[in-house]
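S.K.: Return a 3D structure for these sequence lines:
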Amino acid sequence: MSEKSAILMWFRRDLRLTDHPALSAAAQTGRPVIPVFIRDDAVAGLGAAPKWRLGLGIGAFDDALREKSSRLILRKGDALEVLQDLIKETGAGAVYWSRLYDPQATARDADIKEALKGADVEARSFGGHLMFEPWTVETKTGGNYKVYTPFWNAVKNTGVDAPLSAPKNLTAPDTWPRSDDLAEWTMGGAMQRGADVVRPFVQLGEKSAQSRLGAFMAHGVADYKANRDLPGVDGTSNLSENLALGEISPHQCWHAGQRALHDGKQGAETFLKELVWREFAYHLMHHSPRILTDNWREEWQAFPWNEDERLAEVKAWKHGRTGEPFVDAAMRELYVTGRMHNRGRMIVASYLTKHLMCHWRIGQKWFEDCLIDWDPASNAMGWQWAAGSGPDATPYFRVFNPATQLDKFDKNRDYTSRWIAEGRANPHADALRFFDAIPKRWNLSASDDYPDRIVALDEGRERALENYKNRNF
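M.R.: The predicted structure follows:
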């Protein structure tokens, strides 16, 4: 390996220049850096919305690289084979990447690292997607944390690395290797007409993410503790979309939150706790990867959830036609914006798994297809937390009532008015956009009558609790 040979910088969910440990390390060598993105099976298998959003992110990141006189090389195929081909084409002597933590990625990356090192190619992985590597946070007895609050207490005073500056220069190779055309990847094909509806709600790329963080710290974080639960108020950071693709790092968010807290903005502590909630999800996924596919609490394996997605109740839930305004508004927000307010996520998840007694995997799969801020760890933990099979310190008897939750968090019905069109003389434009976003085969119209409840809330709650009690949890 020549000290002057190129470094392949393999990007995945880290589409930024600032605070990028792997990229900074590559740039500091002074060697040519060849940025690469690979459309392998993991990318090809993404749901419609996250794949579309990733495609947008790739395009924006290529633009950012070109401002540095660099570019993003796109290749399709098995990741190891693509990297090996690029090494032969470019004479690269090293491959750098940022670590991912889902079991599919960790197995793939371990195999690639072994193969490259066996071929005398330097292979280095770096942090950056998380503030605390999952194997560095342990209980006093040596095990991993299974409850959030002790996890928060363990890390809240731990030093978080200061964000790195973007490299001033990226040395280009003498000759750039061939790149695929991003348009030919058709990353947004499955979005169909929904893409045009969701696109105005996307804040794309690193610069937008940093602007979003700055605006939130200036105007929103002080009241975050109170406003974060009000779906009719713009009271959250909305950074999940950018964090999911690494367009901003959690370190940048953490240090911005710490500065705000130091300045007396008390809501900043709640914001920091939410960042650590994301870390906790990855902590659980690393130590118990079954959380992605099976009940995290193993005693729930025999619980009699419905798993038939063809049921009319499941269809009504997916279509935002349950007759519960909070549930339906949240589902419609999802189709129009590609995201859903966190309070809404809790309500729709609790309703599906408890009032309708449907398996959390049905909801997890639907979100995996519809969310532009889809994140494997957060999605899995969120669904299992709501279902009762996950790391909720409050056991099975937590059943959110969507009607009382609506009275508490949307008193003036700002949220439901924005997203539900039926029965209104002058529906909000966003409520009407829902009908432009959904598949035509759903055959829904704003002129339809709003549906009656598909299940009485008291009956649904009692049915759920009876099943839970009979299981002796």
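S.K.: pLDDT score for residue 392?
M.R.: Reading off the confidence values, residue 392 has pLDDT 75.
S.K.: what's around the spatially closest residue to it that is not a sequence neighbour, how many residues?
M.R.: What sits nearest to residue 392 in space, not counting adjacent residues and going by CB to CB, 6 or more residues apart in numbering, is residue 385, at 4.8 Å. For the C-beta atoms, the positions are set from N, CA and C on the backbone; glycine is no exception. Taking other CB atoms under 10 Å as the neighbour definition, residue 385 ends up with a count of 23.
S.K.: Tell me where the stretch 51-200 of the chain has strands.
M.R.: Counting by DSSP state E, counting those that start in this stretch, the stretch 51-200 of the chain has these strands, from start to end: 73-76, 94-98, 122-126.
S.K.: still on that earlier bit, what about the helix or strand harbouring the residue nearest to residue 392, distance to the chain center?
M.R.: Secondary structure from DSSP states H and E places residue 385 in helix 376-387. On the basis of CA atoms, centre = their mean, to the nearest Å, the separation between the geometric centre of helix 376-387 and that of its chain is 11 Å.
S.K.: Now the element after that helix, going C-ward?
M.R.: If you walk from helix 376-387 toward the C-terminus, the next helix or strand you reach (DSSP H and E) is helix 402-409.
S.K.: Counting by contacts, list what that following helix packs against.
M.R.: Here helix 402-409 touches helix 325-337, helix 342-350, going by 3 or more CB pairs under 8 Å, 6 or more residues apart in numbering; DSSP states H and E.
S.K.: Turn those helices into a markdown table, including mean pLDDT, mean neighbour count and distance to residue 130.
M.R.: Below are the helices and strands packed on helix 402-409 laid out as a markdown table (pLDDT from 0 to 100; neighbours: other CB atoms under 10 Å; distance: least, CB to CB, whole Å):
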| stretch | mean pLDDT | mean neighbour count | distance to residue 130 |
| --- | --- | --- | --- |
| helix 325-337 | 98 | 26 | 26 |
| helix 342-350 | 97 | 23 | 20 |
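S.K.: I'd like to know which of these is closest to residue 308.
M.R.: Taking CB to CB as the criterion, helix 342-350 is the member of the helices and strands packed on helix 402-409 that comes nearest to residue 308, at 18.2 Å.
S.K.: Going by neighbour count, list what's buried in the helix or strand following the closest one.
M.R.: Remark: after helix 342-350, the chain's next helix or strand is helix 360-370, criterion DSSP H and E. Within helix 360-370, the residues that count as buried by 16 or more other CB atoms under 10 Å are 360, 361, 362, 363, 364, 366, 367, 368, 370.
S.K.: Contact partners for residue 77?
M.R.: When contacts are counted by CB atoms under 8 Å, 6 or more residues apart in numbering, residue 77 touches 38, 39, 40.
S.K.: brain fart, residue 69
M.R.: Contacts of residue 69 (CB under 8 Å, 6+ apart): 169, 170, 172.
S.K.: Select from these the one having the most neighbours.
M.R.: Those, ranked by neighbours (other CB under 10 Å): first place residue 170, 20 neighbours.
S.K.: my guess is it meets residue 70, correct?
M.R.: Yes - under the criterion of CB atoms under 8 Å, residue 170 lies in contact with residue 70, with a separation of 4.4 Å.
S.K.: Verify the contact between the residue nearest to residue 392 and residue 398 for me.
M.R.: No - the pair residue 385 and residue 398 fails to qualify as a contact (CB under 8 Å) at a distance of 9.3 Å.
S.K.: And for residue 105, the neighbour number?
M.R.: Residues contacting residue 105 under the criterion other CB under 10 Å number 17.
S.K.: That one and residue 55, how far apart?
M.R.: In this structure, residue 105 and residue 55 are separated by 19 Å, where distance is defined by CB to CB, to the nearest Å.
S.K.: Next: residue 234.
M.R.: As judged by CB to CB, residue 234 and residue 55 stand 27 Å apart.
S.K.: same deal with residue 183?
M.R.: As defined by CB to CB, residue 183 lies at a distance of 9 Å from residue 55.
S.K.: Looking at these two, which is more packed in?
M.R.: Neighbours around residue 183 and residue 55, counted as other CB under 10 Å, are more numerous at residue 55. The numbers are 22 against 10.
S.K.: Which residue, other than its chain neighbours, is closest to that one?
M.R.: Of all residues beyond its chain neighbours, the one nearest residue 55 is residue 187 (2.7 Å), with distances taken as CB to CB, 6+ apart.
S.K.: Provide a list of residues in contact with the one you found.
M.R.: Shown in contact with residue 187 (CB under 8 Å, 6+ apart): 51, 52, 54, 55, 56, 58.
S.K.: Could you report the neighbour count for the second one?
M.R.: What it means is residue 52. Here the count is done by other CB under 10 Å, and residue 52 has 25 residues near it.
S.K.: Report all helices and strands that the longest strand along the chain contacts.
M.R.: In the chain, taking DSSP state E as the definition, the longest strand is strand 33-39. Using 3+ CB pairs under 8 Å, 6+ apart, the elements in contact with strand 33-39 are strand 7-11, helix 21-28, strand 73-76, helix 79-90.
S.K.: Look up the closest residue to residue 292, ignoring the ones flanking it.
M.R.: Closest to residue 292 by CB to CB, 6+ apart is residue 380, at 4.8 Å.
S.K.: quick one, what contacts the one you found?
M.R.: So, once contact is read as CB under 8 Å, 6+ apart, residue 380 ends up touching 281, 285, 291, 292, 364.
S.K.: okay, these in CSV with distance to residue 445 and secondary structure next?
M.R.: Compiled in CSV, the contacts of residue 380 are given as follows (distance: CB to CB, whole Å; DSSP: H, G, I helix; E, B strand; the rest coil):
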residue, distance to residue 445, secondary structure
281, 38, helix
285, 41, helix
291, 40, helix
292, 37, helix
364, 29, helix
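S.K.: so which of the residues you listed comes closest to residue 11?
M.R.: Taking CB to CB as the measure, residue 11 sits nearest to residue 285 out of the contacts of residue 380, at 21.2 Å.
S.K.: what about the closest one, how many residues close to it?
M.R.: One way to gauge burial is a neighbour count; for residue 285, by other CB under 10 Å, it gives 24.
S.K.: Phi and psi next, for residue 428.
M.R.: When read as degrees, to the nearest 10, the backbone of residue 428 gives phi -60, psi 150.
S.K.: Apart from its chain neighbours, what residue comes closest to it?
M.R.: The shortest distance from residue 428 to any residue other than its chain neighbours is 4.8 Å, reached at residue 418 (CB to CB, 6+ apart).
S.K.: Run the chain-centre distance for the longest strand of the chain.
M.R.: So, by CA atoms, centre = their mean, the centroid of strand 33-39 is 22 Å from its chain's centroid.
S.K.: Report the angle between that strand and helix 21-28.
M.R.: Angle of strand 33-39 versus helix 21-28, following axes from the mean of the first three to the mean of the last three CA atoms, to 10 degrees, is 150 degrees.
S.K.: could you say what helices and strands the helix or strand following strand 33-39 packs with?
M.R.: Next in sequence after strand 33-39, counting helices and strands by DSSP H and E, comes helix 41-44. Judged by 3+ CB pairs under 8 Å, 6+ apart, the packing partners of helix 41-44 are helix 103-118.
S.K.: if we can go back for a sec, could you pull up the mean pLDDT of the strand or helix carrying the residue nearest to residue 428?
M.R.: According to DSSP H and E, residue 418 maps onto helix 414-419. Averaging pLDDT along helix 414-419 gives 98.
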